[in-house]
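In: quick check, what structure comes out for this input:
(one chain, ligands or ions: 2)
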Amino acid sequence: MIAPSILSANFANLQQDIEMLNQSQADWIHVDVMDGVFVPNISFGFPVLKAVNAIATKPLDVHLMIVEPDKYLQQFADYGAAIITVHYEACPHLHSTIQKIKALGCKAGIALNPHTPVTLLDDLLEDLDMVLIMSVNPGFGGQVFIPNTYKKIQQLKEMAKDRNPNLLIEIDGGVNAQNTQALFAAGANVLVAGNAVFNNENPEKFISWMKNSNA
Ligand code: DX5
Ligand code: ZN
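Out: Ligands and ions are numbered 1, 2, ... in the order given. Here you go, the predicted model:
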C-alpha cells in the first residue's frame with residue numbers, strides 16, 4: 001500500500017492536493033501531527049484535519065508525533081482517523097493507549113524511532129494492527145533514509161509471522177524511487193512518502209509507479 005504524506009503538500013491549496021490523492025492509486029492519506037514537544041517541529045492540528053477529512057475519500061492514516069496522545073484520541077477519531085499511530089517513546093501506558101484507539105473503532109499502530117528496537121514490542125505484538133518503523137528521525141520531511149531500517153523490517157517480520165501474521169509494517173521517512181522496490185521486497189506493507197510524491201513533477205504518476213513496484 002502507498003500512503004502519501006500531506007506534510008509535503010501545498011498548504012495554500014490543500015484541496016487540490018487532496019483531490020489529486022483521491023484520484024490517484026494511493027491507498028491511504030498519511031497525516032503527520034507534530035506538537036513541538038515530542039518532535040522539534042509543529043505541523044498542524046484539528047482544524048486542518050477537519051478540512052482534509054471533509055474532502056478526502058481515502059482512509060486517513062494519522063501519525064501522532066505528540067506527547068500525551070490519549071488526551072486527543074477521541075477527537076482524532078471524530079475527525080475521521082481510520083488508523084491512529086502513537087509513538088512508543090511518547091506513551092508510558094502503551095497497552096492502555098492501544099486499547100483506547102481500538103475502542104474508538106480505529107486501527108491501532110505504534111511508531112518506533114530509529115533508535116528503538118522492534119524487540120520492545122514483544123509483549124504487545126498480538127494487540128497491534130500496524131507498526132510504523134521510522135526510517136528518519138521524526139519531525140521533518142525530506143530527510144535521508146536510514147538503511148538500518150531493513151534489519152528492523154526483517155526482525156519484525158520474523159517476530160510477527162506466527163503471532164500476528166496480518167500485522168502491517170509501515171515505513172516512514174526518506175522513501176523514494178531508489179528504495180521503494182527494496183522496501184516492499186524486504187516485507188514492508190505500507191510505504192509513506194512525502195517529499196518524493198509532492199516534489200515529483202507528476203505526483204499521481206509517481207504514486208502509480210510506487211504502487212506497481214510491489215512485485
Ligand atoms: C516525518 C514524518 C513523515 C514525513 C515523511 O517525521 O513522519 O511522514 O512526512 O516525509 P518524506 O517522505 O519527505 O521523508
Ligand atoms: Zn509520518
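
In: could you find the closest non-adjacent residue to residue 85?
Out: Excluding the flanking residues, the one nearest residue 85 by C-beta to C-beta, 6 or more residues apart in numbering is residue 109, at 3.4 Å. To be clear about C-beta, it is placed using only N, CA and C from the backbone, and glycine gets the same treatment.

In: using the three-state scheme, assign that neighbour.
Out: Classification of residue 109 by DSSP: H, G, I helix; E, B strand; the rest coil places it in strand.

In: distance of it from residue 165?
Out: Residue 109 sits 16 Å away from residue 165, going by C-beta to C-beta, to the nearest Å.

In: who's in contact with the residue nearest to residue 85?
Out: With contact taken as C-beta atoms under 8 Å, 6 or more residues apart in numbering, residue 109 is in contact with 83, 84, 85, 86, 128, 129, 130, 131, 132, 168, 170.

In: partner residues bridging it?
Out: Beta-bridge partners for residue 109, by DSSP bridges, are residue 85, residue 130.

In: pLDDT value on it, please?
Out: For residue 109, the model assigns a pLDDT of 99.

In: if I look at it, how far off is residue 47?
Out: Residue 109 is 24 Å from residue 47, by C-beta to C-beta.

In: helix/strand/coil for the residue nearest to residue 22 when sequence neighbours are not counted?
Out: Among residues not flanking residue 22 along the chain, residue 57 sits closest, at 4.6 Å (C-beta to C-beta, 6+ apart). With three-state DSSP as the basis, residue 57 sits in coil.

In: got it, and the one 10 residues further on?
Out: Secondary structure for residue 67, judged by three-state DSSP, is coil.

In: tell me which stretches of this structure form strands.
Out: 2-4, 29-34, 60-65, 81-87, 107-112, 130-134, 168-172, 190-193 (DSSP state E).

In: ChimeraX command to pick out the buried ones of the contacts of residue 109?
Out: Buried members of the contacts of residue 109, defined by 16 or more other C-beta atoms under 10 Å, are picked up in ChimeraX with:
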select :83,84,85,86,128,129,130,131,132,168,170
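
In: most widely separated two among the contacts of residue 109?
Out: 86 and 168 (15.1 Å; C-beta to C-beta).

In: up against ligand 1, what does this structure have?
Out: Within the chain, the positions lying close to ligand 1 (C-beta under 6 Å from any ligand atom) are 5, 7-8, 30, 32, 63, 136, 138-139, 141-143, 172-175, 192-196.

In: could you rerun that using 5 Å?
Out: With C-beta under 5 Å from any ligand atom as the criterion, the chain comes near ligand 1 at residues 5, 7, 32, 138, 141-142, 172-174, 192-195.

In: dump these to a markdown table, plus neighbour count, distance to ligand 2 and pLDDT.
Out: Putting the residues of the chain next to ligand 1 into a markdown table (neighbours: other C-beta atoms under 10 Å; distance: C-beta to the ion, whole Å; pLDDT from 0 to 100) gives the following:
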| residue | neighbour count | distance to ligand 2 | pLDDT |
| --- | --- | --- | --- |
| 5 | 24 | 6 | 98 |
| 7 | 22 | 7 | 98 |
| 32 | 24 | 4 | 98 |
| 138 | 22 | 7 | 98 |
| 141 | 22 | 9 | 97 |
| 142 | 14 | 12 | 96 |
| 172 | 25 | 4 | 99 |
| 173 | 26 | 7 | 98 |
| 174 | 23 | 11 | 98 |
| 192 | 28 | 5 | 99 |
| 193 | 28 | 10 | 98 |
| 194 | 24 | 8 | 98 |
| 195 | 18 | 12 | 98 |
